[in-house]
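can you look at this prediction? I've put the sequence above it.
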Amino acid sequence: MRLDVFNKLNDIGKGTNDFVKNFMEELNKALERNNKTYCVASKVNPKGEVFVVTQDGTGAGKHFKVEDLPNGIEYGTILKYKNGKFVIDKELTKISLEGDRKANEEVKRLVSQYKMEGKEYVVQQKLDEYVVLKNQYTGLEFSTSDFREGDFEKLYEGMILQCKDSNYIIKKDKE
C-alpha cells in the first residue's frame with residue numbers, strides 16, 4: 001500500500017514538472033516575442049491586410065488585418081509586441097521611414113542617370129531578354145529590358161534610341 005502512495009506522489013511530481021516545463025517554455029516564447037521588433041512590409045492589400053515581418057533575420061512574417069494593428073501604420077512602420085498587442089515604436093519608425101525616403105530618393109537619382117530626357121543611347125549589345133545601352137551624353141553603359149511592348153524585337157546593335165517621356169524610343173540607325 002505504501003508503494004502506491006509513492007507512485008501517486010511520483011505521478012503528481014511528473015505532472016507538476018510537465019506543467020512547470022510547459023509554463024517556462026510559454027514564458028520564454030512570450031519574452032522572446034516582446035523583445036523583437038516587427039516591420040510592416042507591405043501596403044494594405046484588397047483584403048484589408050498588411051504583411052508584418054519579424055526583424056530577426058529569418059524573414060518570417062504573417063498577414064494581419066489592419067484593424068488588429070495600431071492606427072496610423074504604413075509601409076515601414078516598426079512595431080513591438082507589448083501586453084498582448086502590437087504598438088508602434090515611434091523612434092524606430094521615424095528612423096525606418098527616413099531610411100525608406102532616402103532609399104527612394106537614391107533610386108530616383110540613379111534612374112535619372114539612366115533615363116535622361118532628350119539624350120541619345122546606343123544599343124551596344126542585344127541579348128535574349130535585355131540590351132546593353134550606352135548613354136551618349138555621360139558614357140554610362142547599363143543593361144535594361146524597359147521597353148514598350150513590341151519595341152524590344154526591333155532593336156539591334158548600333159541602333160540609336162532617345163529618351164522621351166521616360167521611355168526609350170527608336171530614333172535612327174547609327175551612322
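In hand now; what should we look at? Numbering: from 1, shown residues only.

ok, and the closest non-adjacent residue to Gln136?
Distance criterion CB to CB, 6 or more residues apart in numbering; nearest residue to Gln136, sequence neighbours excluded, is Glu120 at 4.3 Å. Any C-beta I mention is one placed from the backbone N, CA and C, and that applies to glycine too.

beta-bridge partners for the one you found, please?
Gln162 (DSSP bridges).

how about it, what does it touch?
135-137, 160-162, 171 (CB atoms under 8 Å, 6 or more residues apart in numbering).

for those residues, pick the one with the most neighbours.
Within the contacts of Glu120, most neighbours by other CB atoms under 10 Å means Leu161, with 22 neighbours.

re the thing from before, now the residue nearest to Gln136: how far from Asn135?
Noted for Glu120: a distance of 8 Å to Asn135, by CB to CB, to the nearest Å.

tell me the least confident of the contacts of Glu120?
Least confident of the contacts of Glu120 in the model: Lys171, at 83.

any idea how far the helix or strand hosting that residue is from the chain center?
Assigned by DSSP states H and E, Lys171 belongs to strand 167-173. The chain centroid and the centroid of strand 167-173 are separated by 34 Å, computed with CA atoms, centre = their mean, to the nearest Å.
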